[in-house]
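Asks: this one's structure only:
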């Protein structure tokens, strides 16, 4: 089942980076414009899926030498721990904190949220879950 | 969160570190890493003895589910202190002992310590929480961790059997306890133990129709946990656990949770005559039964298990009699019974803990626990022998050890029972001290068997699998410390009486500090003659034990067979039932789901007369919508007629993309994006699976089959459509969207409402959603990789 599709492969090389960048952009944009951890995660896994289809599983494993089950676990842990921050300061679980006006070097005035951390967990879980499912099914020959 | 909360939670948090410690430090026994925690906890509790002995209970509370009256409130009073000291103190000794008992190279010690810590935290939670629901939660964690520990050597079928048995019985009791707690809440309106007790003191609930039911439910929980007759059958099988576990869970702590519960709730129920009768009768029967059958055992741990059953029965019966003090408002007489119960609780933990460890040593060094193969170990293992001797003499109630003191108090309280004037107790009540006395004789006999059959008599090295020698020092430290406590408490009971015992008693029944004096010499009282009688008759019985063991054949042991029969039958029944409807065909399951869906929803729709059409708020239909709907309908219908799988998948993708276009038209960019990406990924997933699907063409299905499918699908579609129209047409409440419009920026500082709802307003939903996703991923992963593993084995 090995099909050598030169055009697709060449395009993919470029496009995968674009999609990944877009995924990151979606993730960070989430709080103010459409996007967020869930979509960002899906978009990132979309990019990896594209690689999977165009090349093969071995190459993907080479590029992303991570066990996606761990990615899932880490994501879940980040989200839960973000919730625990509030508990430690005697607020209900999952209360978020934010600071609307922060001056960062390079980025200028921006805002910081613990919600973004929580969303990062969601992002990782989504990537981990999709990739775990797809890889295990794909590897099952 | 106060220190006390952290104390309860610390073992749970500590478990997170164990896998790390285990992986990083392979060369150090993980036990050394765990040991500091119980020691620290013990020191913490000791530092609070001053407060509790002045009757200052420490109460801390944080709200958990306030709407249901469930708060994580903890209370450290005299009774809680007594138990906490046992849990942390014996816990520390057991951890130390286990370091030498479990080989770090052969056993899965990382799992062992996780389970043990889980158990310790749960037990601390049980004895310290002041909220019954929280108590129940910890109660069940003790059952689960006990299950895991009993089944620790899960490659042995006996371990699995014992684990399941203890789980079934204690969880049965636990559920009944939950029912009892809820009934108690209905009667008193609170889950908080302190509040319930205050409520009961002001208003009598004894005449409440649910009173008796609630009481029995709670007692069932306590009796199953404390292995009272006839629920005792799980305890001997629990001896399949590693010995440190037996000595910790099954003698010193967990089995006493039931006793704790009875003591804790005595003020609520003790006004009722039923309470004291049920508790004391069940206790005394358990005492007799356990001690009688202990003599028959040939396995040392089995013997100790039955002995534990009987001793727990004894403490239980004492609590029952102590409750009479409340019932008759005659505190001074029955106060001695509660004091005896509390005192024996401590004594039992010390001598039984050390005896279990001693048996563990014998087992470890000789390779067997069978009394018939042991004997003459006295010279080889002198220190172990000394431990066994002191522990057994204390258990048998011989002076000057602590067991003697509590046994004397036990006799004294049993003699007091003649003062009752209920149920013609002036005549029948005589039976109780007699049963107690007979039980004590058998206790004496099995204590003697335990020590003398093991350590004296003929040494039979040919029957032992390994050459016995004295245990290493590390293994001996814990039992030596425990037997020194046996001696110290025996010689100086005053150390405990007003620091720990009295506060415990007064936290059961309230009131001021009782001035408790425990003496060795009361003068020539009836209880002294009873003890002398026990020793004389016991010695005779022990010496002639071979001649009368035939008696046991007259008592068939039926309780285990009843359990096995019940368990087996239930399993069969449900197997049959499940096999009936779990056919393994996906279509059948979908049929169940969809027909249920259609039936329930359409019934509700018509029964509630809920179907209305209101066209007032409908938006105009534009060109896009028409086109998209047409595409949607056409592609859906063409799936039905497509011959190849690939076409079906692509058509399905088309349906999904059209839906996302709908979102675009309706201006929901977030949803559209999600739907688009989801569709892409799932089509890719389908294509990946495509390769694995069987190649055969679509089967020609029969017409009735197709018809039934058609009927179901049409009905589902119809119902969904009706509900959609009806729900759009009825507006019972103002839409919540305005709230989000108002608050999204103010409260969460975000402008994308969907995202803010996901991460902030409904963050809990999202958290659980990703948890579910992860579980699904792990499920798929393990299913597929396991199957692959199976395949590989087949190939070999």
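Replies: Cool, the structure landed. Remember, predicted model here, so these are calculated numbers, not experimental data. Numbers count the residues shown, from 1 in each chain, chains lettered A, B, ... in the order given.
Asks: C-alpha from now on. contacts and neighbour counts both.
Replies: Noted.
Asks: who touches residue B:774 in this structure?
Replies: A:72-73, A:125, A:129 (Cα atoms under 8 Å, 6 or more residues apart in numbering or on different chains).
Asks: So which bits of stretch B:664-677 are buried?
Replies: B:669-677 (16 or more other Cα atoms under 10 Å in any protein chain shown).
Asks: now check that stretch, is it near chain A?
Replies: Yes. Stretch B:664-677 reaches chain A (Cα under 8 Å from any Cα of the partner chain) through B:669-670, B:673-674, B:677.
Asks: Save those as TSV, and put in secondary structure and pLDDT too.
Replies: As requested, these are exported to TSV (DSSP: H, G, I helix; E, B strand; the rest coil; pLDDT from 0 to 100):
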residue	secondary structure	pLDDT
B:669	helix	84
B:670	helix	84
B:673	helix	86
B:674	helix	86
B:677	helix	86
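Asks: Could you work out the most separated pair of the residues you listed?
Replies: Farthest pair in the residues of stretch B:664-677 next to chain A (Cα to Cα) is B:669 and B:677. Separation: 12.2 Å.
Asks: What's the local residue count around residue B:393?
Replies: 21 (other Cα atoms under 10 Å in any protein chain shown).
Asks: didn't it look like it was pressed against residue B:401?
Replies: Yes. Using Cα atoms under 8 Å, residue B:393 makes contact with residue B:401 at a distance of 7.3 Å.
Asks: For the residue of chain A found nearest chain B, give me its contacts.
Replies: Nearest to chain B, among the residues of chain A, is residue A:32, at 4.3 Å (Cα to the nearest Cα). When contacts are counted by Cα under 8 Å, 6+ apart, residue A:32 touches B:750-752.
Asks: Wait, a strand at it?
Replies: No. Secondary structure of residue A:32 (DSSP: H, G, I helix; E, B strand; the rest coil): coil, not part of a strand.
Asks: Wait, a strand at residue A:111?
Replies: Yes. Per three-state DSSP, residue A:111 lies within a strand segment.
Asks: Got phi/psi on the closest residue to it other than its chain neighbours?
Replies: Once flanking residues are discounted, residue A:111 sits nearest to residue A:100: 4.4 Å by Cα to Cα, 6 or more residues apart in numbering or on different chains. Note on residue A:100: backbone dihedrals following degrees, to the nearest 10 are phi -70, psi -30.
Asks: measure residue A:100 to residue B:618 for me?
Replies: Separation of residue A:100 from residue B:618 (Cα to Cα, to the nearest Å): 39 Å.
Asks: State the distance from the residue of chain A closest to chain B to residue A:54.
Replies: 34 Å.
Asks: chain center to the longest helix seen in chain B, what's the gap?
Replies: Criterion DSSP state H: the longest helix present in chain B is helix B:331-366. Relative to the chain's own centre, helix B:331-366 is displaced by 22 Å; criterion: Cα atoms, centre = their mean, to the nearest Å.
Asks: Give me the buried positions along that helix.
Replies: Those would be B:333-366, for helix B:331-366 by 16+ other Cα under 10 Å.
Asks: shaky segments in the stretch 451-600 of chain B?
Replies: Residues of the stretch 451-600 of chain B that meet the criterion pLDDT under 70 lie in B:511-513, B:522-523.
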